[in-house]
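Chemist: can you look at this prediction? I've put the sequence above it.
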Protein chains: 6
Amino acid sequence: MKLQLATWQEVEAYLQRSTGIIVPIGSTEQHGPNGLVGTDAICPEAIAWALGERYEVLVAPTQSLGVAQHHLAFPGTLSLRPSTLIAVLRDTVTSLARHGFTHVMLLNGHGGNIATVNAAFAEIYAERDGAPGGELHLSLCNWFAGPRVRELAGSLYGQAEGSHATASEVSLSWFARPEAVKRVAMSPRIAPSGTALCDAETFRRRFPDGRMGSDPSLASVEHGARFLEAGVADAWEAYQGFLAGQ
Amino acid sequence: MKLQLATWQEVEAYLQRSTGIIVPIGSTEQHGPNGLVGTDAICPEAIAWALGERYEVLVAPTQSLGVAQHHLAFPGTLSLRPSTLIAVLRDTVTSLARHGFTHVMLLNGHGGNIATVNAAFAEIYAERDGAPGGELHLSLCNWFAGPRVRELAGSLYGQAEGSHATASEVSLSWFARPEAVKRVAMSPRIAPSGTALCDAETFRRRFPDGRMGSDPSLASVEHGARFLEAGVADAWEAYQGFLAGQ
Amino acid sequence: MKLQLATWQEVEAYLQRSTGIIVPIGSTEQHGPNGLVGTDAICPEAIAWALGERYEVLVAPTQSLGVAQHHLAFPGTLSLRPSTLIAVLRDTVTSLARHGFTHVMLLNGHGGNIATVNAAFAEIYAERDGAPGGELHLSLCNWFAGPRVRELAGSLYGQAEGSHATASEVSLSWFARPEAVKRVAMSPRIAPSGTALCDAETFRRRFPDGRMGSDPSLASVEHGARFLEAGVADAWEAYQGFLAGQ
Amino acid sequence: MKLQLATWQEVEAYLQRSTGIIVPIGSTEQHGPNGLVGTDAICPEAIAWALGERYEVLVAPTQSLGVAQHHLAFPGTLSLRPSTLIAVLRDTVTSLARHGFTHVMLLNGHGGNIATVNAAFAEIYAERDGAPGGELHLSLCNWFAGPRVRELAGSLYGQAEGSHATASEVSLSWFARPEAVKRVAMSPRIAPSGTALCDAETFRRRFPDGRMGSDPSLASVEHGARFLEAGVADAWEAYQGFLAGQ
Amino acid sequence: MKLQLATWQEVEAYLQRSTGIIVPIGSTEQHGPNGLVGTDAICPEAIAWALGERYEVLVAPTQSLGVAQHHLAFPGTLSLRPSTLIAVLRDTVTSLARHGFTHVMLLNGHGGNIATVNAAFAEIYAERDGAPGGELHLSLCNWFAGPRVRELAGSLYGQAEGSHATASEVSLSWFARPEAVKRVAMSPRIAPSGTALCDAETFRRRFPDGRMGSDPSLASVEHGARFLEAGVADAWEAYQGFLAGQ
Amino acid sequence: MKLQLATWQEVEAYLQRSTGIIVPIGSTEQHGPNGLVGTDAICPEAIAWALGERYEVLVAPTQSLGVAQHHLAFPGTLSLRPSTLIAVLRDTVTSLARHGFTHVMLLNGHGGNIATVNAAFAEIYAERDGAPGGELHLSLCNWFAGPRVRELAGSLYGQAEGSHATASEVSLSWFARPEAVKRVAMSPRIAPSGTALCDAETFRRRFPDGRMGSDPSLASVEHGARFLEAGVADAWEAYQGFLAGQ
């Protein structure tokens, strides 16, 4: 069930049976020679929409922009400052809490968002502390870090999976948007590894084509279908545990 | 050409032939008994995507959340504070300008965003004033206010068009998302009119089912197809004029 | 009744009979060769003070600085960032609401403030949403857009009225400050037209002497007296309607 | 020379002979039973306008709102948060510096502004540090603390001068606005003394009628004329020293 | 009693007998040729710790960074923007108030902090105004301005005390950190005097070795011991008066 | 070499041989029945000071307050909002970069700071992006996560180490502050485990005495001495690698 495609009366009815919601969050940033700029948003969105269909959980609109400061030296990257993303998440959660939602799970597709999302949770709890307003629980689930997804990536790609513009995320994004599959040869086949904790110019010097430790030429739509299933199973488990207070 | 479905090298190539981009912006808010919560984002997104396909203009990810404070008493509405949306737009434009984009047109689907978008433009110009950085032009185009769209709405619905949850926007959103068409009888047929410049509780008292002056039961997918064409023509004209410095 | 000339006991007594107040807001910005830098503040202030005298409505101090980013390439212009003006209006309204004022009408003299004032209203409603605090209604009245004022300007100047540094506002400011009348020949007689939605340097290139589409050499103190009467009638009507909940 | 009554060409001409400007700043807050809510803005404005006339120094519009948090339990008080006033002063100074002003002196009428004005100066210097932009000097002059003013107040009122709603400021405001003279008996004749560094409710308990240690029934228009002369001499001396780099 | 060395249960027990706390606040900034960069933090910390030991008052961790913008042209200076320090103090006080502390006294070692601390107090009172939350009193005590300290400095150094990098503060910091005593000849013996209200580059031009009007070669550990006693007596008197509501 | 105990000339001399600096950062928060409120600041400070002595690396003052929102239901906890800590770190780094420091390593003692520190790094890089200013590298080192420290904790405590108020950090803080050793029996011996990603009231319900999964009654000063050595070796290795650009 997509929030964008519901009427307010349907949301009102949903709240009678559940006060949980999933918010996909990604990034708009370079993903190497054959990865889509929207990869990090498309992947969690695809998993969230599948959850919405299969389990009738409500799915909010995808937050497509994230914190991608270190990718800004590559054209097409859009980055929010951490302070901006904190404000966006605060307003989103505040709106949801006003309607009676008590459990908000962010389904995230971008490692660079993790720090800011956790900072946002602390900021939100701080603002609400001592103020009127009911119970509120916040949770972050990174689809790419779930146990089934990690196992599948390991079995398919081993060390060539890498850490940015990976074959797993490229596969899933292609499965979700088959019209955008790109076939590009990689040189070197496996990109250099290293840390992304640096400024934009340094990042581009370290990782000239944008990939980090990966060989996304291994990606395929067929793999993407399997990553979707793994991601759905991981995320549903996480969501169920979250609702159960674990 | 969707930014999310491009690689960074494709964006780099695009910048060789054009430094303009369209950013759809909407809202996630109640749209009455048969209108989708995502109406205001879906409509400009549909027009922008059509522009992207027909004219090869680059289209950024849709900013699905807008300023919808006065709709917050209806479940499902998500609202950003104006200060938050200003920050989002500043970061978006700053990222684009870094890559060399010089003309950024927001294609907007929500009247309640107009004030904040214009405030954001002034804030962005203020921040850049006197700082290093090249030429930058910003423009706002409201699809619902274009001449062809207004004429079509007038001819189809007359006074029953209203000003929120209108038959025109419901039609266009249904055309873009036919799986979400809802058939709901309206009572009264035409909703009460008045001003939306008030707080959330007052708004709900004034407009009990969320509509303002409209009869969206007149909406249809067929009308939506015509609104798409009218909107594409209006927006393309606006974008061409913008690039030409008019 | 001017707030600045009252004692707190007189304000306390006023609140027994009315909880409405008018806040003049303008800008400090170039107004062409014969217009005063303070035009946009002086005009609504003059109308508000007349309302205060004739109808015993309380008038707050004038907010003389507004959002004038695009005029900054002309000496003498002072501009607040939108975020700053939002904070000023929030603090002003919060102070008034603390004392029991329920209806605050901004009487505005600057088109460039409209977006930010409306954004500020949404920001204020958002901050108060769900927090303790009583009824609050906010309204914006642009003196230059009232029906009687527009009709008078049309009859006196026709197309030569223009949109910035207009003969109507120059007339009213001269009537309010006759010691500052300036006689300057205009060249060309009617200034070029166009959009002010651009940065400061672009604006100055488009509008070399600061006027937009106007011939303010038509202005006179006598016209100013008539604009005052028209403006008072328009604003009083708007204020009455506002108090009546229309 | 009042900025509000000048054209931009007149400001341009002024900058040829001087790059200094005076900005009056006050507060809108209760001043006891016979003092005007606008006292703190009216006093420095009167002195600044006299300086403008006598010495042809440019005078900016008065910043009528200041930090008056502790007076908020008295109706009519309007208070800016310190963070808001810092933003206002930053934008004002940034605008002036853009035009080439190098010396900005705030002429202040409210003790409660001193801390925030000094904080704003540090904030402005921090923002400009290392950024492009020319020489800039900022100065704060409190009219009520000048040597001639203090001597006059001592000779006229001795201990009955007090520290808020003083006879000296009431006198000067009455001289500047003789239409607003109020005759009110004080009880007790001299108000209690103490510290204003507390919250609004505590302040009102400590100082029930708003005065602090003063007997403003001693005020008169005639005294006001003498305070104007003393204030003009003090402020002119301060401004001259400021321009001379002392 | 140092907060950092207590357990939460010990703090809970403390709150049964007292709801007052002392927060040392200083700066990290150049203090001339023989003064420590940490002087302004070390001095109030030493006094606060002595108070904690002798009178069992709880002492919070020292806020070592303050507003030192004008010292930034000297290596080693760290400066917070006023807006940052306001946020730090707001969060500190909000945390303390949540636990039931009602009286928070800042024991300050840096003149440049005074403005911002007072601005922060107004900001904190403004945020709490009208919101739920109990009694809260805030106080600022500048150790260097206490009567006993001033008398001792006058008797030991007379005019050579100066106003920055003074012999009194250097003495006290050496007494607190004897391992860091530096013997450096001063040239000129007494540094130039003037105002620190300027930007960093101007400050360094005015005060080439960082001292203002002082001869800190007069400092000694023995003097430091006497300043500690004077400072403890002054601060204890201030704290007692504060708790007593004076 | 402690920055607080240096003169500015000594810092100037240091910059001739190194442009790296270590900034200890911790938190002020409950650490269970026998752990100090200052544990998270004391531990990295002790390691940093040892590095400063042994290797002559410059050590900035400790940032003693961190993000401890979820500990606020225990008396004595002081928490900064993430947005506040971001501002503090931005100002600290900006000051250091102005002096020519190019490598700033935060040595952190609190898991709850990691997200905000990483968000701050992105915010700092975003602010500097495109602005004038030289090379800058930022790094975060968590002393408690170093390989030698983890191995030692595993060998000494196994599963009883836990994740908050751990025996390892209590040991190190006791070694650094032996005067504050507390002997308290734990009940249950090993505290419950779970997630700290919740609000303050929920955290206290989950972890009634503040510990998470730990048995800090195993702590000892002797263990602390070993943790210091392990922490020094881990942090020195991290710092060396950081300077070498790894």
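Modeler: It's in.
Chemist: ranges for the helices of chain A?
Modeler: A:8-17, A:39-55, A:82-99, A:114-128, A:147-157, A:167-176, A:200-206, A:221-243 (DSSP state H).
Chemist: those: which one's closest to residue B:8?
Modeler: The closest approach between residue B:8 and any of those, judged by C-beta to C-beta, belongs to helix A:200-206 at 10.4 Å. C-beta: built from backbone N, CA, C; applies to glycine.
Chemist: what's the most buried one of the helices of chain A?
Modeler: Mean neighbour count (mean count of other C-beta atoms under 10 Å in any protein chain shown) peaks for helix A:167-176 among those, with a mean of 28.
Chemist: and that helix, what does it pack onto?
Modeler: Applying 3 or more C-beta pairs under 8 Å, 6 or more residues apart in numbering or on different chains; DSSP states H and E, we find helix A:167-176 packed against helix A:39-55, helix A:147-157, helix A:221-243.
Chemist: chain center to the first one: distance?
Modeler: In terms of C-alpha atoms, centre = their mean, to the nearest Å, the centre of helix A:39-55 is found 9 Å from the chain centre.
Chemist: what is it packed up against?
Modeler: Using 3+ C-beta pairs under 8 Å, 6+ apart, helix A:39-55 is in contact with strand A:20-25, strand A:103-108, helix A:167-176, helix A:221-243.
Chemist: need those in a markdown table (columns: distance to residue F:137).
Modeler: Below are the helices and strands packed on helix A:39-55 laid out as a markdown table (distance: least, C-beta to C-beta, whole Å):
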| stretch | distance to residue F:137 |
| --- | --- |
| strand A:20-25 | 28 |
| strand A:103-108 | 27 |
| helix A:167-176 | 28 |
| helix A:221-243 | 35 |
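Chemist: okay, those in a markdown table with distance to residue E:213 and mean pLDDT next?
Modeler: Output for those, formatted as a markdown table (distance: least, C-beta to C-beta, whole Å; pLDDT from 0 to 100):
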| stretch | distance to residue E:213 | mean pLDDT |
| --- | --- | --- |
| strand A:20-25 | 57 | 98 |
| strand A:103-108 | 57 | 98 |
| helix A:167-176 | 64 | 98 |
| helix A:221-243 | 63 | 98 |
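Chemist: for residue A:201, find the nearest of those.
Modeler: That would be helix A:167-176 among these, by C-beta to C-beta, at 24.5 Å.
Chemist: quick check: bridge partners of residue A:59?
Modeler: Beta bridges link residue A:59 to residue A:2, residue A:22 when assigned by DSSP bridges.
Chemist: give me the neighbour count for it.
Modeler: 24 (other C-beta atoms under 10 Å in any protein chain shown).
Chemist: let me see the contact set for it.
Modeler: When contacts are counted by C-beta atoms under 8 Å, 6 or more residues apart in numbering or on different chains, residue A:59 touches A:1-3, A:21-24, A:48-49, A:51-52.
Chemist: if we go to 10 Å?
Modeler: A:1-6, A:21-24, A:45, A:47-53, A:107 (C-beta atoms under 10 Å, 6 or more residues apart in numbering or on different chains).
Chemist: and chain A, which of its residues are near chain E?
Modeler: Residues of chain A lying close to chain E (C-beta under 10 Å from any C-beta of the partner chain) are A:126, A:129-132.
Chemist: need the pLDDT of the residue in chain A positioned nearest to chain D.
Modeler: Nearest residue of chain A to chain D (C-beta to the nearest C-beta) works out as residue A:83 at 15.0 Å. On pLDDT, residue A:83 comes in at 97.
Chemist: my read: it touches residue A:116, true?
Modeler: Yes - with contacts counted by C-beta atoms under 10 Å, residue A:83 reaches residue A:116, the gap being 8.7 Å.
Chemist: what sits in contact with each of the two?
Modeler: Common neighbours of residue A:83 and residue A:116 (C-beta under 10 Å, 6+ apart) are A:123, F:82, F:86, F:119-120, F:122-123.
Chemist: many thanks, have a good one.
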